[in-house]
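> Pasting the sequence and the predicted coordinates here, then a few questions.
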Amino acid sequence: MTQNCKALTLYELNLLIQKVIKENFESDVLLVSEISRIIYNAGGFTNIELIEKKDDQVIAKNRAVIWNDKKFILDVFETIVGEKLSEGMKILAKVKVSYHPSYGLTLNILNIDPSYTIGEMQLRKSQILNRLESEGLLELNKRLEFPIVPQNIALISSKSAAGYEDFVNHLMYNDKGYRFNLRLFYSVMQGKDVETSIIKSLDEIIECGNFEVVVIVRGGGSVGELDCFNSYDLAKKISQFPIPVLVGIGHDRDKTVLDYVAYKGFKNPTAVAHFLINAVEAFDDYLTDALHKIFNLSSARLKSEARALENISLRIKEKVLENLNISKSNINFIGNRIFPELFR
């Protein structure tokens with residue numbers, strides 16, 4: 001080491017860093033990043049770990065904070081996006097860069113643009129659909145043969161999920177009186193655990209066997225709330241599933257990825273119930289129509305056979321009478337020859 005070089009203390013070094021950052025980051029900065037961890041503290045402030053990835057590798061990481069006086073940012077974000085700020089979300093935030101000698105570098109979040117996060121969700125969804133299409137997975141489940149009378153149904157949902165009761169009530173208490181065998185496979189239907197939970201339920205359905213149709217339902221929600229269903233791994237699982245999968249995730253316009261890979265997607269759970277009821281009704285109508293045709297054909301055949309039998313009966317009667325007359329004539333002829341006196 002050079003003897004003439006004055007050594008700095010850690011505090012002195014940090015003060016220099018603080019000065020450099022303060023001089024170069026006087027203005028707020030617009031920052032694009034991904035949330036890798038978020039902690040909602042009891043004190044009211046929120047700690048966030050922001051990262052940037054390249055080829056699935058983290059190339060940058062920083063600590064960020066939303067202080068109590070900016071807590072409204074979280075409420076506004078949840079209201080617009082429909083979901084709490086959470087891990088995995090990409091955000092566009094206005095931040096103030098600060099450096100403290102004791103606590104290091106901190107990004108103080110001043111605002112977050114919800115529209116950017118929604119746009120990122122839509123972009124990721126589009127990328128997943130393109131990947132599924134390129135791998136030939138979009139149409140696999142749709143090519144399966146749908147049961148003529150779908151009655152053994154595996155239901156993936158949660159009793160607390162909006163739409164669950166609507167589906168069950170419409171299906172099980174339908175006005176046609178059709179009976180269905182329905183079994184619930186519980187799954188988380190909102191948040192980051194949706195993917196693993198539904199995949200687990202699908203595996204359980206295969207192990208149980210004897211099911212003809214799988215139904216996945218939950219009520220409506222915002223773009224953010226339904227984004228958990230835009231999962232590549234879950235979509236791939238459904239597309240390759242050996243049983244037709246019906247999806248009834250409530251939406252007005254935007255479909256989820258699952259709607260595209262399932263055998264058929266519906267705008268809400270009730271529509272799935274109607275589809276199943278209509279399928280059974282179509283077969284019922286087919287049987288009724290077949291029975292009517294059989295009855296009409298049988299009636300026509302019986303009438304035809306009755307007429308034929310009547311004609312045969314008349315011909316037999318005529319033949320018998322003809323034979324009787326011939327026999328009578330023969331008897332008279334023979335009688336005349338044997339007993340001529342009697343027949344004069």
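Done, it's in.

> all contacts plus neighbour counts: C-alpha atoms, from now on.
OK.

> The residue nearest the centre of the chain sits in which helix or strand?
Averaging the C-alpha coordinates of the chain gives a centre point, and the residue nearest to it by C-alpha atoms, centre = their mean is residue 247 (2.4 Å). Following DSSP states H and E, one finds residue 247 within strand 245-249.

> do residue 289 as well
helix 269-338.

> now do residue 153
Here residue 153 is covered by strand 152-157, with elements defined by DSSP H and E.

> Mind checking what secondary structure residue 216 has?
When the structure is split into helix, strand and coil by DSSP: H, G, I helix; E, B strand; the rest coil, residue 216 lands in strand.

> again, but for residue 49
Here residue 49 is strand, with the state taken from three-state DSSP.

> separation between it and residue 197?
Residue 49 sits at a distance of 26 Å from residue 197 (criterion: C-alpha to C-alpha, to the nearest Å).

> Contacts for whichever helix or strand comes after the strand holding residue 247 next, please.
Beyond strand 245-249 on the C-terminal side, the first helix or strand identified by DSSP H and E is helix 257-261. With contact meaning C-alpha atoms under 8 Å, 6 or more residues apart in numbering, helix 257-261 is reached by 125, 128-129, 137-142, 229-231, 234-236, 238-239, 247, 265-266.

> If we use 6 Å, what do you get?
Residues external to helix 257-261 that are found in contact with it (C-alpha atoms under 6 Å, 6 or more residues apart in numbering): 138, 230, 235, 239, 265.

> Restrict it to CA atoms and write it as PDB.
What follows is helix 257-261 as a C-alpha-only set of coordinates in PDB (Å, rounded to 0.1, in the frame of the first residue of the first chain):
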ATOM      1  CA  VAL A 257     -54.800 -18.600 -21.500                       C
ATOM      2  CA  LEU A 258     -56.700 -21.500 -20.100                       C
ATOM      3  CA  ASP A 259     -59.700 -20.600 -22.300                       C
ATOM      4  CA  TYR A 260     -57.600 -21.100 -25.400                       C
ATOM      5  CA  VAL A 261     -56.100 -24.500 -24.500                       C
END
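
> Check residue 339 and give its pLDDT.
Here the pLDDT value assigned to residue 339 is 65.

> Kindly report the same for residue 287.
The score at residue 287 is 87. That number is its pLDDT.

> Likewise for residue 335?
You'll see residue 335 listed with a pLDDT of 67.

> quick one: the helices in the stretch 1-150 of the chain?
When secondary structure is read from DSSP state H, counting those that start in this stretch, the stretch 1-150 of the chain shows helices at 10-24, 72-81, 114-134.

> Now do the buried residues in the first one.
Buried residues in helix 10-24, counted by 16 or more other C-alpha atoms under 10 Å: 14-15, 17-18.

> repeat for the longest one
When neighbours are counted by 16+ other C-alpha under 10 Å, the buried residues of helix 114-134 are found to be 114, 116-118, 120-122, 124-125, 128-129, 132.
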